[in-house]
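Colleague: any chance you could fold what I've pasted below:
(chains A and B)
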Amino acid sequence: EAQVTQNPRYLITVTGKKLTVTCSQNMNHEYMSWYRQDPGLGLRQIYYSMNVEVTDKGDVPEGYKVSRKEKRNFPLILESPSPNQTSLYFCASRSSGAGYNEQFFGPGTRLTVL
Amino acid sequence: AQTVTQSQPEMSVQEAETVTLSCTYDTSESDYYLFWYKQPPSRQMILVIRQEAYKQQNATENRFSVNFQKAAKSFSLKISDSQLGDAAMYFCAYRSGGGSNYKLTFGKGTLLTVNP
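Modeller: Predicted coordinates:
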């Protein structure tokens, strides 16, 4: 089954404790992205990757890091989480081919930083 | 930069009735895609319908249809014969068909309530 998986689905942590949210896709997609969703703000892109070892900042990258060492994985790293990073996070992927290519979303990770 | 505006934070509709959710966007591009996503309480992002900007015909998917007004940069979603399962947050989204096609730009969302 074609899917994007994220782990963990729920996480409660404390300020300053490094954490990683994993994202994996099984569709051989080139493009992968991380979004955060906050009430009244919709979804905003944090980082994106166009292929292995190619990553760039989205609209709200402060406080986050990413890496793309393998095509299927795109982890989101919070090296020193703060309460303002409490949010719902989505990983997404799609093919880079010409024309329309469906975007696949992971199930979301609910992060609370105390 | 592209922007997407949903001016209705909340809407409600009676079961079996029709409701229209509004969305406007701003872009200088001619090649792009527009989407409506549904987010039920499970939080999963579900694609409801998409529209390619080069297509004049409005997209339809069963009870869901759009009114795409390219010149006015308007992209509304009509839900006919509303069902209880339609209750969700709905997001309008834009994606470039060209160089910046690596991201979706979302509106802030409209929370739809369906009353029995």
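Colleague: quick one: the strands in chain B, in order.
Modeller: In chain B, the strands defined using DSSP state E lie at B:3-5, B:10-14, B:19-21, B:24-26, B:32-39, B:46-52, B:60-61, B:64-69, B:74-79, B:88-96, B:105-106, B:110-115.
Colleague: which ones are touching the residue nearest the centre of chain B?
Modeller: Against the mean C-alpha coordinate of chain B, by CA atoms, centre = their mean, the closest residue is residue B:36 at 3.1 Å. By CB atoms under 8 Å, 6 or more residues apart in numbering or on different chains, the contact list for residue B:36 reads B:21, B:23, B:47-50, B:64, B:66, B:75, B:77, B:90-93. In short, each C-beta sits where N, CA and C put it, glycine included.
Colleague: then residue B:50?
Modeller: For residue B:50, the contacting residues are A:100, B:33-36, B:59, by CB under 8 Å, 6+ apart.
Colleague: in TSV, list these along with distance to residue A:53.
Modeller: Below are the contacts of residue B:50 laid out as TSV (distance: CB to CB, whole Å):
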residue	distance to residue A:53
A:100	26
B:33	27
B:34	32
B:35	29
B:36	34
B:59	37
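Colleague: biggest separation within these, which pair?
Modeller: Greatest spatial distance in the contacts of residue B:50: A:100 and B:36, 14.7 Å, computed using CB to CB.
Colleague: then the longest strand seen in chain A to CSV, C-alphas only?
Modeller: In chain A, taking DSSP E as the definition, the longest strand is strand A:42-51. C-alpha atoms of strand A:42-51 as CSV (Å, rounded to 0.1, in the frame of the first residue of the first chain):
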residue,chain,number,x,y,z
GLY,A,42,-3.6,26.5,8.4
LEU,A,43,-0.6,24.5,7.3
ARG,A,44,2.8,26.1,6.7
GLN,A,45,5.8,24.5,5.1
ILE,A,46,8.8,24.1,7.4
TYR,A,47,11.4,22.4,5.1
TYR,A,48,11.3,20.6,1.8
SER,A,49,13.6,18.3,-0.1
MET,A,50,13.7,17.8,-3.8
ASN,A,51,15.9,14.7,-3.7
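Colleague: what's the following helix or strand after it?
Modeller: Reading on from strand A:42-51 to the C-terminus, the next helix or strand found by DSSP states H and E is strand A:54-57.
Colleague: could you give the average pLDDT over that next one?
Modeller: Strand A:54-57 carries an average pLDDT of 94.
Colleague: from the contact counts, what lies against it?
Modeller: Counting contacts by 3 or more CB pairs under 8 Å, 6 or more residues apart in numbering or on different chains; DSSP states H and E, strand A:54-57 is packed against strand A:42-51.
Colleague: in terms of helices and strands, where is the residue nearest to residue A:25 when sequence neighbours are not counted?
Modeller: Once flanking residues are discounted, residue A:25 sits nearest to residue A:93: 4.3 Å by CB to CB, 6 or more residues apart in numbering or on different chains. Assigned by DSSP H and E, residue A:93 falls within strand A:87-94.
Colleague: report whether the helix or strand just after that strand contacts chain B.
Modeller: Where DSSP H and E defines the elements, the next helix or strand beyond strand A:87-94 is strand A:104-105. Yes: counting by CB under 8 Å from any CB of the partner chain, chain B has neighbours in strand A:104-105: residue A:105.
Colleague: count the residues that sit near residue 85.
Modeller: By default, I'm working from chain A. Residue A:85 sits with 21 neighbouring residues when counted by other CB atoms under 10 Å in any protein chain shown.
Colleague: please go with chain B instead
Modeller: Residue B:85, neighbours per other CB under 10 Å, totals 9.
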